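Asks: fold the following for me, if possible:
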Amino acid sequence: MDLLQWAIIAFGVAIVAGLFGFTGVARGAASVGRTLFGLFMVLAVVFLVLALLGVSILV
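Replies: Take a look at the predicted model:
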(Lines give C-alpha, C1' and ligand atoms only; values in the text may rest on other atoms or scores of the structure.)
Protein backbone atom coordinates (compact mmCIF):
# COMPACT_ATOMS: atom_id res chain seq x y z
CA MET A 1 0.00 0.00 0.00
CA ASP A 2 2.92 2.36 0.48
CA LEU A 3 3.54 2.53 -3.26
CA LEU A 4 -0.06 3.51 -3.96
CA GLN A 5 0.03 6.16 -1.22
CA TRP A 6 3.17 7.71 -2.72
CA ALA A 7 1.49 7.74 -6.14
CA ILE A 8 -1.54 9.54 -4.69
CA ILE A 9 0.71 12.05 -2.93
CA ALA A 10 2.61 12.72 -6.18
CA PHE A 11 -0.66 13.30 -8.03
CA GLY A 12 -1.78 15.67 -5.26
CA VAL A 13 1.46 17.63 -5.58
CA ALA A 14 0.98 17.77 -9.34
CA ILE A 15 -2.53 19.16 -8.98
CA VAL A 16 -1.51 21.81 -6.44
CA ALA A 17 1.56 22.80 -8.48
CA GLY A 18 -0.58 23.06 -11.59
CA LEU A 19 -3.09 25.29 -9.81
CA PHE A 20 -0.33 27.68 -8.76
CA GLY A 21 1.24 27.74 -12.22
CA PHE A 22 4.35 25.65 -11.57
CA THR A 23 3.94 23.62 -14.73
CA GLY A 24 7.42 22.06 -14.64
CA VAL A 25 6.90 20.79 -11.10
CA ALA A 26 3.40 19.61 -11.99
CA ARG A 27 4.68 17.71 -15.03
CA GLY A 28 7.45 16.06 -12.99
CA ALA A 29 5.16 15.09 -10.13
CA ALA A 30 2.58 13.72 -12.54
CA SER A 31 5.15 11.55 -14.28
CA VAL A 32 6.42 10.24 -10.93
CA GLY A 33 2.86 9.49 -9.84
CA ARG A 34 2.07 7.78 -13.13
CA THR A 35 5.20 5.64 -12.87
CA LEU A 36 4.51 4.64 -9.27
CA PHE A 37 0.90 3.80 -10.06
CA GLY A 38 1.97 1.69 -13.04
CA LEU A 39 4.48 -0.17 -10.88
CA PHE A 40 1.78 -0.71 -8.25
CA MET A 41 -0.59 -2.15 -10.86
CA VAL A 42 2.06 -4.51 -12.25
CA LEU A 43 2.91 -5.79 -8.78
CA ALA A 44 -0.77 -6.16 -7.90
CA VAL A 45 -1.42 -8.27 -11.01
CA VAL A 46 1.66 -10.43 -10.37
CA PHE A 47 0.63 -11.09 -6.78
CA LEU A 48 -2.96 -11.79 -7.86
CA VAL A 49 -1.81 -14.36 -10.39
CA LEU A 50 0.50 -15.95 -7.82
CA ALA A 51 -2.36 -16.13 -5.33
CA LEU A 52 -4.68 -17.70 -7.90
CA LEU A 53 -2.03 -20.30 -8.72
CA GLY A 54 -1.62 -21.09 -5.04
CA VAL A 55 2.03 -20.05 -4.90
CA SER A 56 3.08 -18.95 -1.44
CA ILE A 57 5.68 -16.17 -1.37
CA LEU A 58 6.15 -16.42 2.40
CA VAL A 59 8.86 -18.80 3.56
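
Asks: grab the nearest non-local neighbour of Arg27.
Replies: Closest residue to Arg27 in three dimensions, ignoring its sequence neighbours and counting by C-beta to C-beta, 6 or more residues apart in numbering: Ala14, at 7.7 Å. (Each C-beta comes from the backbone N, C-alpha and C, glycine too.)

Asks: who's in contact with the one you found?
Replies: Val25, Ala26, Arg27, Ala29, Ala30, Gly33 (C-beta atoms under 8 Å, 6 or more residues apart in numbering).

Asks: hmm, the fifth one is touching Ala10, no?
Replies: The reference is to Ala30. Yes: taking C-beta atoms under 8 Å as the contact criterion, Ala30 and Ala10 are neighbours in contact, 7.4 Å apart.

Asks: for the two, indicate the residue with more neighbours.
Replies: Under the neighbour definition other C-beta atoms under 10 Å, Ala30 and Ala10 were set side by side, and Ala10 has more, 20 against 17.

Asks: how much space between the more buried one and Arg27?
Replies: As defined by C-beta to C-beta, to the nearest Å, Ala10 lies at a distance of 12 Å from Arg27.

Asks: swap in Val13?
Replies: With C-beta to C-beta as the criterion, Val13 and Arg27 are 11 Å apart.

Asks: the two: which has the busier surroundings?
Replies: Summary of the neighbour comparison: Val13 and Arg27, criterion other C-beta under 10 Å, with Val13 having more neighbours (18 against 13).

Asks: tell me if I'm right that the more buried one and Ser31 touch.
Replies: No: applying C-beta under 8 Å, one finds Val13 not in contact with Ser31, separated by 11.5 Å.
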